[in-house]
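> Prediction below, plus the sequence it came from.
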Amino acid sequence: MSEGLRAPKGTFDVLPPESERFLAVRETLTAPLRRAGYGYVETPVFEETAVFSRGVGESTDVVTKEMYTFDDRGGRSLTLRPELTAGLMRAFIEHRLHTGALPVKLWTVGSAFRYERPQAGRYRHFTQVDMEALGVDDPALDAEVVALGVQGFRDLGLTDFELLLTSLGDGSDRPQYREKLVAYLDRLDLDEDTRRRAEINPLRVLDDKRPEVQAQLQDAPLMVDHLSDSSRAHYDAVRQYLTDLGISWTEAPMLVRGLDYYTKTTFEFVHHGLGAQSAIGGGGRYDGLSAALGGPDVSGIGYAVGVDRTLLAVQAEGLDIGVATGVQAFVVPLGAEAKRLAVRLVGQLRQAGISADTVYGDRGLKGAMKAADRSGASHAVVIGERDLAAGVGQLKDLRTGEQIAVPTGELFERVRATVGA
Ligand code: AMP
């Protein structure tokens with residue numbers, strides 16, 4: 001390798017043993033989805049740029065400033081996915097999944113890319129778990145989606161997180177509210193950039209974290225106070241189902257998520273041990289997204305959870321997420337003949353579902369025993385030349401140091417019975 005090559009700015013490598021924890025977080029966050037009938041989908045990490053410019057929204061920072069967009073050698077404009085929902089929707093539309101049974105429940109997990117200013121918890125390459133329930137607008141489904149997000153965090157043992165919830169209304173009430181908000185924002189002292197953003201999507205100003213902006217927003221009109229009867233009934237029903245499911249939340253009337261397409265139920269999960277980048281996940285209903293991508297006019301709700309940030313939350317709470325590292329058995333051969341026996345024994349054990357390893361390269365007894373200790377194995381099989389001559393191997397309990405001689409023909413069964421129990 002040439003000198004000085006490093007992972008690109010804002011990216012990082014996940015190495016053992018921490019990588020086991022990363023996998024465990026990913027697995028724990030996705031298990032509740034499988035249990036609830038969501039099907040796994042794999043989509044490309046890059047899409048035609050229009051998938052995101054239309055599907056994420058032209059007013060968002062993600063689209064205007066953060067996308068990794070490039071022309072391929074055929075002159076197509078492609079973009080590395082900055083989030084996973086738009087690609088899933090593109091696949092849903094392309095494969096006409098709406099013509100089957102509804103709702104269509106899907107999940108995926110994988111890399112997302114955003115050209116952000118890197119800081120703790122904010123990276124240019126990160127991993128999201130993403131789920132969507134498409135084709136049905138039923139408040140019970142909104143509650144299911146929110147509850148599945150909560151379940152994943154609970155299953156990890158997290159407690160210091162909070163569910164923020166609001167409703168963003170829909171086509172029947174948002175336009176009137178929007179006018180009120182625009183009139184209010186017009187009277188404020190805002191910089192050029194913010195004014196421009198307000199013109200495209202005034203709701204996004206509510207989400208501005210700067211204190212000088214927040215101070216001016218104290219009396220801003222709120223969407224939840226301007227919901228139509230049907231939006232209010234929808235929101236009330238979602239909250240009733242959440243209560244029935246034993247889930248508590250905090251009303252967050254200023255919550256506006258980073259993407260443009262949300263309607264009605266909108267939520268975010270924040271963790272209190274993470275500092276500035278406290279959002280571990282978020283989502284909501286987006287009844288206009290499919291149509292925006294040229295698909296049928298179907299509703300949808302879903303969320304994205306950040307795996308990297310959830311892992312940071314697990315660390316912040318000091319949780320031991322019980323990751324088994326290392327192998328169960330380790331075989332130490334001395335000499336060429338013993339080595340053949342070792343290779344065969346390790347192969348047999350692995351085939352039988354027992355994790356096993358041996359030494360490679362000429363390590364000598366001392367080095368090999370060190371490797372056995374480091375391997376995490378509870379037991380080692382040591383096969384020396386004298387043992388071999390006597391037709392045995394030594395089965396050693398690495399925790400107590402006790403060892404017994406076992407005939408070579410019985411080693412596999414004995415090891416399996418001892419460590420596999
Ligand atoms: P979003 O797609 O922006 O709604 O983000 C959903 C979740 O993905 C967030 O709550 C974070 O947990 C995670 N996330 C978003 N952007 C980043 C980033 N740049 N680095 C790490 N995690 C991120």
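Now that the structure is in, tell me what you want to look at.
> give me the beta-bridge partners of the residue of the chain found nearest the ligand?
At 2.2 Å from the ligand, residue 306 is the closest residue in the chain, using C-beta to the nearest ligand atom. Bear in mind the C-beta positions are built from the backbone N, C-alpha and C, glycine included. Following DSSP bridges, residue 306 is listed with bridge partners residue 128.
> I'd assumed residue 128 was in contact with it.
Yes. Assessed by C-beta atoms under 8 Å, residue 306 is found in contact with residue 128 at 5.9 Å.
> The residue of the chain closest to the ligand: what's it in contact with?
Residues in contact with residue 306 (C-beta atoms under 8 Å, 6 or more residues apart in numbering) are 126, 127, 128, 279, 280, 281.
> Identify, from the residues you listed, the entry nearest to residue 353.
Among those, residue 127 lies closest to residue 353 (C-beta to C-beta), at 28.4 Å.
> Give me the distance between residue 365 and residue 332.
7 Å (C-beta to C-beta, to the nearest Å).
> These two: which has the busier surroundings?
The residue with more neighbours, out of residue 365 and residue 332, is residue 332; 23 against 11, by other C-beta atoms under 10 Å.
> Determine the three-state secondary structure at the more buried one.
When classified by DSSP: H, G, I helix; E, B strand; the rest coil, residue 332 comes out as strand.
> How about the residues of this protein by the ligand?
Contacts of the chain with the ligand, taken as C-beta under 6 Å from any ligand atom, map to 83, 114, 116, 122-123, 126, 128, 257-258, 279-282, 304, 306, 308-309.
> Mind checking which of those residues land in helices?
Using DSSP state H, 308, 309 are the members of these that sit in helices.
> Any of the residues of the chain next to the ligand buried? List them.
Buried by 16 or more other C-beta atoms under 10 Å: 83, 114, 116, 122-123, 126, 128, 257-258, 279-282, 304, 306, 308-309, out of those.
> Count the neighbours of residue 42 for me.
Counted with other C-beta under 10 Å, residues neighbouring residue 42 total 10.
> In terms of helices and strands, where is the closest residue to it other than its chain neighbours?
Take residue 42 and drop its neighbours on the chain: the residue closest to it by C-beta to C-beta, 6 or more residues apart in numbering is residue 108, 6.6 Å away. According to DSSP states H and E, residue 108 maps onto strand 104-113.
> Same check on residue 163?
Judged by DSSP H and E, residue 163 forms part of strand 161-167.
> what's the answer for residue 236, then?
Going by DSSP H and E, residue 236 is part of helix 229-244.
> chain center to that helix: distance?
27 Å (C-alpha atoms, centre = their mean, to the nearest Å).
> Same question for stretch 377-384.
39 Å.
> Format the CA atom coordinates belonging to that stretch as CSV.
What follows is stretch 377-384, C-alpha atoms only, in CSV (Å, rounded to 0.1, in the frame of the first residue of the first chain):
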residue,chain,number,x,y,z
ALA,A,377,-11.9,-20.1,23.2
SER,A,378,-12.9,-21.9,26.4
HIS,A,379,-11.0,-25.0,25.3
ALA,A,380,-7.9,-25.8,23.3
VAL,A,381,-6.8,-29.1,21.8
VAL,A,382,-3.0,-29.3,22.0
ILE,A,383,-1.4,-32.0,19.8
GLY,A,384,2.3,-32.5,20.4
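> List the contacts of it.
326-335, 338, 341-342, 345, 356-357, 365, 369, 372, 393-399, 403, 406, 408, 411, 415, 418-419.
> I figured the residue nearest to residue 42 hits residue 85, correct?
No. Between residue 108 and residue 85 there is no contact under C-beta under 8 Å: 9.4 Å.
> ok, back up a step: what number of residues lie near the residue nearest to residue 42?
23.
> For it, list each beta-bridge partner.
On the basis of DSSP bridges, residue 108 is bridged to residue 130.
> and if you look at the one 5 residues further on?
With DSSP bridges applied, the residues forming beta bridges to residue 113 are residue 125.
> if I read this right, it contacts residue 127, doesn't it?
No. In this structure, residue 113 is not within contact of residue 127 by C-beta under 8 Å, at 10.7 Å.
> do you know how far residue 254 is from residue 226?
14 Å.
> sorry, back to before: in its sheet, which strands sit next to the following helix or strand past the helix holding residue 236, and in what direction?
Once the chain leaves helix 229-244, the next helix or strand it forms, by DSSP H and E, is strand 250-251. According to DSSP bridges, strand 250-251 forms sheet pairs with strand 161-167 (parallel).
> Tell me what angle the very next helix or strand once past the strand it pairs with forms with helix 229-244.
Beyond strand 161-167 on the C-terminal side, the first helix or strand identified by DSSP H and E is helix 174-186. Helix 174-186 runs at 90 degrees relative to helix 229-244, counting by axes from the mean of the first three to the mean of the last three C-alpha atoms, to 10 degrees.
> Tell me, please, where in the chain the pLDDT is lower than the cut-off.
Within the chain, the segments meeting pLDDT under 70 span 1-2, 59, 258-260, 322, 421.
> Now for residue 108 and residue 85: what residues contact both?
residue 130.
> got the contact list for residue 304?
Counted by C-beta under 8 Å, 6+ apart, residue 304 has contacts 83, 84, 85, 128, 129, 130, 281, 282, 283.
> now residue 277, nearest residue through space, not along the chain?
In this structure, residue 277 finds its nearest non-sequential neighbour in residue 121, 3.4 Å apart by C-beta to C-beta, 6+ apart.
> try residue 373
residue 398 (6.5 Å).
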